[in-house]
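K.L.:
Using only what follows, build the 3D model:
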Amino acid sequence: MTDDARPAIVWFRDDLRLADNPALDSAVATGRPLVLIYVLDQFSPDLRPLGGAARWWLGRSLASLARSVEAKGGRLLLRRGPAGAVLPALAAECNARAVFWNRRYGAAEIAVDTDVKSALIAGGVEARSFNGALLAEPWSVLNRAGQPFRVFTPFHRTAAEHDVPDPLKAPAQTLTGPDLPSEPLDSWQFEPRQPDWAGGLRETWVPGEAGALARLDTFLDEGLAGYALGRDRPDLAHVSRLSPHLRFGDISPRQILAAVRAAKAPPGDVAKFVAELYWREFSYHLLFHFPDLERRNFQPRFDAMAWRDDPDLLAAWQRGRTGYPLVDAGMRQLWREGWMHNRVRMVAASFLIKHGLIDWRLGEAWFWDTLVDADPASNAASWQWVAGSGADAAPYFRIFNPVIQGAKFDPHGDYIRRYVPELAQVPLSAVHAPWLGGTQLRGAAGCYPPPAVAHAEARDRALAAFEAVKAAG
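P.N.:
The predicted model follows:
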């Protein structure tokens, strides 16, 4: 085999798209035959297994990518095993000249990538990595002392000064390469069967690159104008719902940024949405510099927090049976669709942490298993933000009143009635606090429970616990 005939391998991970994929683009530019692979790595040390909802999304997104590759004359190779063994073995199998991939930022993922790179170089194979996931990589955004930012506003200001390259187009060339053995996607069993709990996910989402682009177009047409105010309203369509597509790289943040900035929308709405993209950047900044974000309090003084062991309240929260309609609507939306509106995420997380005094890690783990957009950076950073233990955290004394939050952000009760059918016929005067009528509500959908914990008592208990942490710190 001549050197020109030696293939280039593209290792797909959280970048399941053809457009704006720097690793793929660079491999295509070599003019070599291409081997395109996804490795299901459930074996490398410390890698966090995906939750059920995210596994469902991954399977659908991989199927979409495989179809796109086939339309370009190629084939997506699927193999299972530790990446540190699979990639070097594949390079030897096809006599590859180079392997290309886009970078990841968690400590376990970086360790895997480092091992793969070392093994490839030792075998005489070129290894090149690229930024395909962020607007600015974590080591490029530091304060004047050369240290990572711990507060969002100065981080955003500094990160936004970085030039963001225009997104790359999908390769025009064919993606052909050698015919190599591949595992069937069905053998990975991403689709739940017994029981099949993914019906609501299938009704709600179209994973993959085409679905992401369609979702972006819908948001630009219907949701961006009015975003700055409407984004807090779960009953309205002023959110992008692009988070799971970003999580698995069906679309890149550069593509979204370019499209939003080119849209005909009020500048304030554009600026607010762009700031939310940088909140995602900030979460990855934190994950890179503080890699234990999912397990350890960012602020160590919270290690002294006296969390309660209350399995009944935890279960009621998970099932959407707390007796607080906005919380329950969000938790039921999560179970049905694998997603929850961001304002409601904050209220639901605050309820568990502050009304229940239940360790934020238990809530983070539940979201990790049930969210289609379970993101290793944003999920942990957001739970710590609500708990008050994180960077740029919400003040510990901010304890959301679920009734007031419901009345303010679901003013007509439409969101609650959609996801809590027991309350479908309840008048607006009672929909946010149905227990005030003095009787349990029973309808065609069943009986709605009274509050699992009284707000005033829970608030006092939480303030006392958080004040004790403050005093001890």
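K.L.:
by contact count, what packs against the biggest helix by length in the chain?
P.N.:
Longest helix of the chain, by residue count under DSSP state H: helix 267-289. Counting contacts by 3 or more Cβ pairs under 8 Å, 6 or more residues apart in numbering; DSSP states H and E, helix 267-289 is packed against helix 152-159, helix 227-230, helix 253-262, helix 378-387. For glycine as for every other residue, the C-beta is placed from the backbone atoms N, C-alpha and C.
K.L.:
Out of these, which is the most enclosed?
P.N.:
Highest mean neighbour count among the helices and strands packed on helix 267-289 (mean count of other Cβ atoms under 10 Å): helix 378-387, with a mean of 25.
K.L.:
what's the following helix or strand after it?
P.N.:
Once the chain leaves helix 378-387, the next helix or strand it forms, by DSSP states H and E, is helix 402-409.
K.L.:
For that next one, which outside residues touch it?
P.N.:
Helix 402-409 is contacted by residues 232-234, 324-327, 343, 347, 351, 413, 416, 431-433, 455 when judged by Cβ atoms under 8 Å, 6 or more residues apart in numbering.
K.L.:
Quick check: the farthest pair among the residues you listed?
P.N.:
Using Cβ to Cβ, the contacts of helix 402-409 reach their maximum pairwise distance at Arg233 and His455, which is 22.2 Å.
K.L.:
rewinding a little: buried sites along the helix or strand just after the longest helix of the chain?
P.N.:
Tracing the chain C-terminally past helix 267-289 and defining elements by DSSP H and E, one meets helix 311-319 next. Neighbour-count burial for helix 311-319, counted by 16 or more other Cβ atoms under 10 Å, picks out Leu313, Leu314, Ala316, Trp317, Gln318.
K.L.:
Among these, which pair sits farthest apart?
P.N.:
The span of these, defined through Cβ to Cβ, is set by Leu313 and Gln318 at 9.7 Å.
K.L.:
can you list the weak-confidence ranges in the protein?
P.N.:
Scanning the chain for pLDDT under 70 picks out the ranges 1, 437-445, 473.
K.L.:
helices and strands around the longest strand along it, which ones?
P.N.:
The single longest strand within the chain, with elements called by DSSP state E, is strand 34-40. Judged by 3+ Cβ pairs under 8 Å, 6+ apart, strand 34-40 is in contact with strand 8-12, helix 22-29, helix 52-71, strand 76-80, helix 83-94.
K.L.:
ok, and what's touching that strand?
P.N.:
Under the contact criterion Cβ under 8 Å, 6+ apart, strand 34-40 has outside partners 7-13, 16, 24, 27-28, 62, 65, 69, 74-81, 83, 86-87, 90, 94, 96, 175-178, 180, 188.
K.L.:
Can I have the buried ones of those as a PyMOL selection?
P.N.:
Buried subset of those, written as a PyMOL selection, criterion 16+ other Cβ under 10 Å:
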select buried, resi 7+8+9+10+11+12+13+16+24+27+28+62+65+69+74+75+76+77+78+79+81+83+86+87+90+94+96+175+177+188
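K.L.:
chain center to the helix or strand Ser118 falls within, what's the gap?
P.N.:
Assigned by DSSP H and E, Ser118 belongs to helix 107-122. Computed by Cα atoms, centre = their mean, to the nearest Å, the separation of helix 107-122 from the middle of its chain amounts to 24 Å.
K.L.:
please renumber so the chain begins at 55
P.N.:
Taking 55 as the first residue, the last one we looked at is helix 161-176.
K.L.:
Give me the angle between it and helix 137-148.
P.N.:
30 degrees (axes from the mean of the first three to the mean of the last three Cα atoms, to 10 degrees).
K.L.:
elements contacting helix 161-176?
P.N.:
The contact analysis (3+ Cβ pairs under 8 Å, 6+ apart) places helix 161-176 against helix 137-148, strand 152-156, strand 180-184.
K.L.:
In it, which of the residues would be classed as buried?
P.N.:
For helix 161-176, by 16+ other Cβ under 10 Å, it's Glu163, Ala165, Val166, Asp167, Asp169, Val170, Lys171, Ala173, Leu174.
K.L.:
repeat for stretch 505-522
P.N.:
Neighbour count says stretch 505-522 has Pro505, Ala506, Val507, His509, Ala512, Arg513, Arg515, Ala516, Ala519, Phe520 buried, by 16+ other Cβ under 10 Å.
K.L.:
what about Gln387, is that helix, strand or coil?
P.N.:
Each residue gets one of three states, and Gln387 gets helix by DSSP: H, G, I helix; E, B strand; the rest coil.
K.L.:
Can you report how many residues neighbour it?
P.N.:
By the criterion of other Cβ atoms under 10 Å, Gln387 has 24 neighbours.
K.L.:
Quick one: residues contacting it.
P.N.:
Counted by Cβ under 8 Å, 6+ apart, Gln387 has contacts Trp393, Met394, His395, Val398, Tyr473.
K.L.:
how about Gln243, phi and psi?
P.N.:
phi 60, psi 50 (degrees, to the nearest 10).
K.L.:
Tell me how far it lies from Asp250.
P.N.:
Going from Gln243 to Asp250 by Cβ to Cβ, to the nearest Å gives 12 Å.
K.L.:
Alpha carbons of the helix or strand where Asp271 lies, in CSV - could you do that?
P.N.:
According to DSSP H and E, Asp271 maps onto helix 263-276. The C-alpha trace of helix 263-276 is given here as CSV (Å, rounded to 0.1, in the frame of the first residue of the first chain):
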residue,chain,number,x,y,z
GLU,A,263,-28.2,16.6,12.3
ALA,A,264,-31.2,17.1,10.2
GLY,A,265,-33.5,17.3,13.3
ALA,A,266,-31.1,19.8,14.8
LEU,A,267,-31.2,22.1,11.8
ALA,A,268,-34.9,21.9,11.6
ARG,A,269,-35.2,22.7,15.3
LEU,A,270,-32.9,25.7,14.8
ASP,A,271,-35.0,27.0,11.9
THR,A,272,-38.2,26.7,14.0
PHE,A,273,-36.6,28.6,16.9
LEU,A,274,-35.4,31.4,14.6
ASP,A,275,-38.8,31.7,13.0
GLU,A,276,-41.0,31.3,16.1
